[in-house]
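K.L.:
Any chance you can model this:
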Amino acid sequence: MFRRDILSWWLRPAFLRPAPFNLLRAGGARDTLFAGPWVGEFGWELMNWQGFVRKLSRRYARTIVCCPAGREALYADFADEIIPHRIRGIAECNVIHKLENPDELARVLALVPAGADHLKPLGYQPFSRQEFIRFGAPRPDLRVDVLFHPRGRTFGTDRNWSPERWRALLATLRARGLRLGCIGVRAATLDLAGFEGFEEVGAAIPDWRDRPLSDTLDVIASAGVVVGPSSGPMHLASLCGTPHVVWTDRERYARGRTNRDKYESWWNPLNTPVSVLDDAGFDPDPVKVADAVIAQLARGSAM
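P.N.:
Have a look, this model is predicted:
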């Protein structure tokens, strides 16, 4: 185990190698770090990259971060310069496949300053190598009891809950007098106002989709509980310290971990309260989801 760990670090850039191996780097210490471009999945960016770059930045006089356009808020607390990019392809963990616009990749790579330490996307990083902050600021004007993310992506459609399921859940929660709201990207979420027979309810629910990430962080931080199938916004709720109810399958993914592992511990650096429903995969009974939401709200009010 020891030898494998040493080997993995030896194969990384010299500035990441443990002493005394990092003394072999040419040119000695450098004062600028260029991190990116990040091209992997949003969840991996949240839990294995932005915290790693934040901690590493403490060694440098200047840190430049290259991230997907719209994600700047994840780095605003420590980066001296943020370069947004629009590299397109299929993201998987920390890599990208089927790159659609190599010219954009070439553009951002040309911006790496001469003499800077260039940190390229890495895979899994333990919490000990990262520095996390709690994102978002609670605001009374954004306060809702339940904030939902109605995933509706064309990729992985089996993870999308049906309008009928959402309608049943929201009707139950509204009957209890709870205040509701929704987040997400319009092109990748279901439109509540378009649910058959639910137009009036949809109009009455605050729709915070397509808001800048900095605003979305405040919306999440202001909610009592966030609800939805496993997705990037649910991991974001964890980093906002907001309790969440998430449903998923029991498959093992990267490094043999299940999504339950991720939400409860492996990707939960702030120990945020979470209820993971995985006995019915991505199609749980709305009654069970409602029960879990109400239980989380009750725990929050008791604290």
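
K.L.:
Please enumerate the strands of the stretch 51-200 of the chain.
P.N.:
Assignment of strands within the stretch 51-200 of the chain using DSSP state E, counting those that start in this stretch yields the ranges 62-68, 81-85, 90-92, 95-97, 117-119, 146-148, 180-182.

K.L.:
For the ones you listed, could you give me CSV that also reports mean neighbour count, mean pLDDT and distance to Tyr75?
P.N.:
C-beta: built from backbone N, CA, C; applies to glycine. Putting these into CSV (neighbours: other C-beta atoms under 10 Å; pLDDT from 0 to 100; distance: least, C-beta to C-beta, whole Å) gives the following:
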stretch, mean neighbour count, mean pLDDT, distance to Tyr75
strand 62-68, 22, 98, 4
strand 81-85, 17, 98, 6
strand 90-92, 15, 93, 18
strand 95-97, 14, 94, 19
strand 117-119, 21, 95, 13
strand 146-148, 28, 95, 24
strand 180-182, 22, 92, 26
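
K.L.:
now what about the helix or strand hosting Gln296, what contacts it?
P.N.:
Assigned by DSSP states H and E, Gln296 belongs to helix 286-302. Surrounding helix 286-302, the residues in contact under the criterion C-beta atoms under 8 Å, 6 or more residues apart in numbering are 145-146, 165, 168-169, 172-173, 176, 178, 224-225, 227, 243-245, 247, 273, 275, 277, 280.

K.L.:
switch the cut-off to 6 Å
P.N.:
Contact with helix 286-302 is made by Val146, Arg165, Ala168, Leu169, Thr172, Gly224, Val225, Val227, Pro243, Val245, Ser275, as judged by C-beta atoms under 6 Å, 6 or more residues apart in numbering.

K.L.:
how does the protein divide up, domain by domain?
P.N.:
Annotated domains of the chain cover 30-129, 140-302 [automatic domain parsing].

K.L.:
Could you dump the ones you listed into a markdown table with distance to Leu16 added?
P.N.:
Converted to a markdown table, the domains of the chain look like this (distance: least, C-beta to C-beta, whole Å):
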| stretch | distance to Leu16 |
| --- | --- |
| domain 30-129 | 8 |
| domain 140-302 | 19 |
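
K.L.:
Lowest mean pLDDT across the ones you listed, which one is that?
P.N.:
The stretch with the lowest average pLDDT out of those is domain 140-302, scoring a mean of 91.

K.L.:
okay, how far is it across stretch 281-289, tip to tip?
P.N.:
End-to-end distance of stretch 281-289 (C-alpha to C-alpha, to the nearest Å): 12 Å.

K.L.:
er, stretch 130-138 actually
P.N.:
Taking C-alpha to C-alpha, stretch 130-138 runs 24 Å from one end to the other.

K.L.:
can you check stretch 275-289 too?
P.N.:
9 Å.

K.L.:
Adjust the sequence numbering to begin at 58 for everything that follows.
P.N.:
With the count now opening at 58, the last piece we talked about shows up as stretch 332-346.

K.L.:
Counting neighbours, which bits of it end up buried?
P.N.:
Across stretch 332-346, burial judged by 16 or more other C-beta atoms under 10 Å covers Ser332, Val333, Leu334, Asp335, Phe339, Pro341, Pro343, Lys345, Val346.

K.L.:
cool, stretch 199-217 as well?
P.N.:
Of the residues in stretch 199-217, Leu199, Val201, Asp202, Val203, Leu204, Phe205, His206, Pro207, Arg208, Gly209, Arg216, Asn217 count as buried by neighbour count, 16+ other C-beta under 10 Å.

K.L.:
want to throw those into JSON lines with distance to Lys319?
P.N.:
Output for the buried residues of stretch 199-217, formatted as JSON lines (distance: C-beta to C-beta, whole Å):
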{"residue": "Leu199", "distance to Lys319": "27"}
{"residue": "Val201", "distance to Lys319": "25"}
{"residue": "Asp202", "distance to Lys319": "25"}
{"residue": "Val203", "distance to Lys319": "22"}
{"residue": "Leu204", "distance to Lys319": "20"}
{"residue": "Phe205", "distance to Lys319": "20"}
{"residue": "His206", "distance to Lys319": "16"}
{"residue": "Pro207", "distance to Lys319": "21"}
{"residue": "Arg208", "distance to Lys319": "16"}
{"residue": "Gly209", "distance to Lys319": "22"}
{"residue": "Arg216", "distance to Lys319": "15"}
{"residue": "Asn217", "distance to Lys319": "20"}
